[in-house]
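S.K.: Structure for the following, please:
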Amino acid sequence: MPAVSASGEDKRESAPAVSAVAAPGKDKREPRSLRSWLLIVLAVALALAAALYLLRNVLLGTPTPVYTATQAELVQTVVASGRVASPQRVTVALQGSGRVLRVAVVEGQTVERGQLLIELDNSDARASLAQASAAVAQAQARVRQVRELSQPLATQGLAQAQATALQTRKVLARDRDLVAQGFISQAVLDDAQRAADVASSQVASAQAQAQTNTPSGSDAALAQAALAQALAGQQLASVKLAQGQVLAPSGGVLISRDVEVGDIV
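M.R.: Residues are numbered from 1 along each chain as shown. Presented below is the predicted three-dimensional model:
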């Protein structure tokens, strides 16, 4: 019995030992559970961050690139095929003569086609052009005179001469009857005959005058010829006036010049 009791005491005494050993195992499980929660929280945070990153355009709107506008030269590249032309040297000379009034360019200056280079004193050419223009105006007035005045007057003169001739022929016929009846003398009949002859010649002259004043007549032709001559003189004066100016035949760079203001060329 005592031995059994001793065993029972031994069992009671060993129970606390088991309890003492189990306490350390409970302490090990608590940190492991904390690490699990930390991992879960970290995973949720990463998932939430990934979702926010993927949904950033929906939540914040689609980002639009912004550029600052600046002013600069537009450079374009053209690819083409062709033939290379070498620069040409063009010598410009004066066609007229006179005193140099103006030199509009300097050496090394870039000029365009038709740009004024040298100008001569063109007082005489301007006077000639004014005289030629006056001759043109006079010739044009003569053409209008033939058309508006001479032709109507010639037509009117022809009609008057024809009326006079008709009247004289009637008088001549009446006087012939009177002479045959013995009422008038032969001298009166002779006067009527001369009047009829003069009227007939006046009709012929009026017809010729009217013919010369028609658009195809000689007076109209002379007026047109005078107008053409005046126009030719005006054109010649304009050419001489233009010869007093030297213009660039093409675009380029002025290499040198051998004339200055005041030179006689």
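S.K.: could you list every residue that touches Val146?
M.R.: 213, 219-220, 223 (C-beta atoms under 8 Å, 6 or more residues apart in numbering). C-betas here are computed from N, CA, C, even on glycine.
S.K.: ok, those vs Arg126, which is closest?
M.R.: Of all the contacts of Val146, Ala223 has the smallest distance to Arg126: 27.7 Å, by C-beta to C-beta.
S.K.: Let me know the pLDDT of that closest one.
M.R.: pLDDT, Ala223: 86.
S.K.: Quick check: it vs Asn213, distance?
M.R.: The gap separating Ala223 from Asn213 is 10 Å, by C-beta to C-beta, to the nearest Å.
S.K.: Go ahead and confirm Thr164 touches Gln202.
M.R.: Yes. In this structure Thr164 lies within contact range of Gln202 using C-beta atoms under 8 Å: 6.6 Å.
S.K.: List only buried entries from the contacts of Val146.
M.R.: Neighbour-count burial (16 or more other C-beta atoms under 10 Å) applied to these gives 213, 219-220, 223.
S.K.: Could you dump those into TSV and include distance to Arg126?
M.R.: Formatted as TSV, the buried ones among the contacts of Val146 follow (distance: C-beta to C-beta, whole Å):
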residue	distance to Arg126
Asn213	37
Asp219	34
Ala220	33
Ala223	28
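S.K.: hmm, which two among those are most spread apart?
M.R.: Farthest pair in the buried ones among the contacts of Val146 (C-beta to C-beta) is Asn213 and Ala223. Separation: 9.9 Å.
S.K.: Narrow the buried ones among the contacts of Val146 to those in strands?
M.R.: Counting by DSSP state E, no part of the buried ones among the contacts of Val146 is found in strands.
S.K.: Closest one of the residues you listed to Leu158?
M.R.: Nearest to Leu158, judged by C-beta to C-beta, of the buried ones among the contacts of Val146 is Asn213 at 10.1 Å.
S.K.: Might you report the residue contacts of the closest one?
M.R.: Neighbouring residues of Asn213 by C-beta under 8 Å, 6+ apart: 146, 150-151, 153-154, 219-220.
S.K.: For Ala206, grab the count of nearby residues.
M.R.: Neighbours of Ala206 under the rule other C-beta atoms under 10 Å: 21.
S.K.: can I assume it is in contact with Ala163?
M.R.: No. Using C-beta under 8 Å, Ala206 makes no contact with Ala163, being 10.7 Å away.
S.K.: before we move on, what SS does Ser150 have?
M.R.: Look at Ser150: counting by DSSP: H, G, I helix; E, B strand; the rest coil, its state is helix.
S.K.: the helices in the stretch 151-265 of the chain, which residues?
M.R.: Using DSSP state H, counting those that start in this stretch, the helices of the stretch 151-265 of the chain run over 151-181, 186-212, 218-242.
S.K.: Turn these into TSV, columns for distance to Thr91.
M.R.: Shown next, in TSV, are the helices of the stretch 151-265 of the chain (distance: least, C-beta to C-beta, whole Å):
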stretch	distance to Thr91
helix 151-181	57
helix 186-212	56
helix 218-242	19
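S.K.: To Leu94, which of the ones you listed lies closest?
M.R.: Evaluated over those, closeness to Leu94 peaks at helix 218-242, with 11.8 Å, by C-beta to C-beta.
S.K.: could you point out where the stretch 1-150 of the chain is predicted with low confidence?
M.R.: In the predicted model, the stretch 1-150 of the chain carries pLDDT under 70 at residues 1-32, 58-61, 63, 82-87, 96.
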